[in-house]
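**Student:** turn this into a model:
(one chain, ligands or ions: 1)
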Amino acid sequence: MPGYLSLEGIAAIASVPLGLAVGSFLNVCIWRIPRDESIAFPGSHCPQCNGPIAWYDNIPLLSFVWLAGRCRRCKAAIGWRYPLVEGLTAGLFLLTILQFGVTVRTALLLLFLSALVAITFIDLDHKIIPHLLTLPAIPIGLIGSLLTHNPPPRDAVTGALIGAGLVYLVAVYAEVAFQRESMGGGDVNLLAMIGVFLGWRLMLLSFGVAVVAGACLSLALIASGVLSRKDQIPFGPFLALGAVVALFFGDAAIDWYFGLIGW
Ligand SMILES: [Zn+2]
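**Tutor:** The predicted structure is shown next:
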């Protein structure tokens, strides 16, 4: 083992506090964006008593532990979601650095994953995917593919077009076949965003993983009586899960598959 830290080693260590801090900011976005509140002003405040939260009570994960999960002023419980989002973001940041190193592509992927985390929890809470998160991400991803050629610009553009078209077709089909709305415009933008950042192959894999995971969980929840057949399950979190699976395991899975069929 070398006696010094590589750039990757330092970045891997730094990615954890960075991910926790970004996760803390994403908690603010998840609460405020669907409520049309500014994400910058005012500073953090308790949703129960509206009291301001001091900086020392606003440190990711640690504050939750030393406040024992309660607001210092009104003692209202702080949702377990706050440390979960922080820890999840930190974990994704660390994985990204470990797998992709210190590159421009990594910086773009950290943005992409942050957007996916916010989208997941906003869609779970409100059953919407804000255009504010998906639409700016599409040109950012396109510029990124021009800079890094990963995915190549042609794959990014076809990924966005096929992704948007795919969700649109499924939505139209479901509406005709089942007389109900299955996916919305938010899902169209989300799969287009995934296509731009991952290219069309990994976008298709993301969609496949999302459909399988969504179907399995829906059936399990309906069978166990947690949900009825009429309940709507948001699809955004499954697309985000599919994108994360495709990003970290997709290339290996595709190589394995084409090896298997002898290409
Ligand atoms: Zn409070």
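**Student:** helix or strand: which one has residue 195?
**Tutor:** Per DSSP states H and E, residue 195 falls inside helix 185-223.
**Student:** same question, residue 113
**Tutor:** Per DSSP H and E, residue 113 falls inside helix 104-126.
**Student:** please parse this protein into its domains.
**Tutor:** 1-102, 129-263 (automatic domain parsing).
**Student:** for the chain, which residues are neighbours of the ion?
**Tutor:** Contact residues, the chain versus the ion (Cβ under 5 Å from the ion): 46, 48, 49, 71, 73, 74, 76. All C-beta atoms are positioned from the backbone trio N, CA, C, and that covers glycine.
**Student:** just name the closest of the residues you listed to residue 173, please.
**Tutor:** Nearest to residue 173 among those: residue 48, at 44.0 Å, using Cβ to Cβ.
**Student:** what about the nearest residue to residue 83 once chain neighbours are set aside, which helix or strand?
**Tutor:** Nearest residue to residue 83, sequence neighbours excluded (Cβ to Cβ, 6 or more residues apart in numbering): residue 64, at 4.6 Å. Per DSSP H and E: residue 64 is located in helix 62-66.
**Student:** what does that helix contact?
**Tutor:** Residues from elsewhere that reach helix 62-66 (Cβ atoms under 8 Å, 6 or more residues apart in numbering): 56, 57, 78, 82, 83.
**Student:** so of these, which ones are in helices?
**Tutor:** Secondary structure from DSSP state H places 82, 83 of the contacts of helix 62-66 in helices.
**Student:** put the buried members of the contacts of helix 62-66 into a ChimeraX selection.
**Tutor:** Buried members of the contacts of helix 62-66, defined by 16 or more other Cβ atoms under 10 Å, are picked up in ChimeraX with:
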select :57,78,82,83
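**Student:** just send the contacts of helix 62-66 back as a markdown table, with pLDDT and distance to residue 109 too.
**Tutor:** Formatted as a markdown table, the contacts of helix 62-66 follow (pLDDT from 0 to 100; distance: Cβ to Cβ, whole Å):
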| residue | pLDDT | distance to residue 109 |
| --- | --- | --- |
| 56 | 91 | 32 |
| 57 | 91 | 31 |
| 78 | 90 | 29 |
| 82 | 93 | 24 |
| 83 | 95 | 23 |
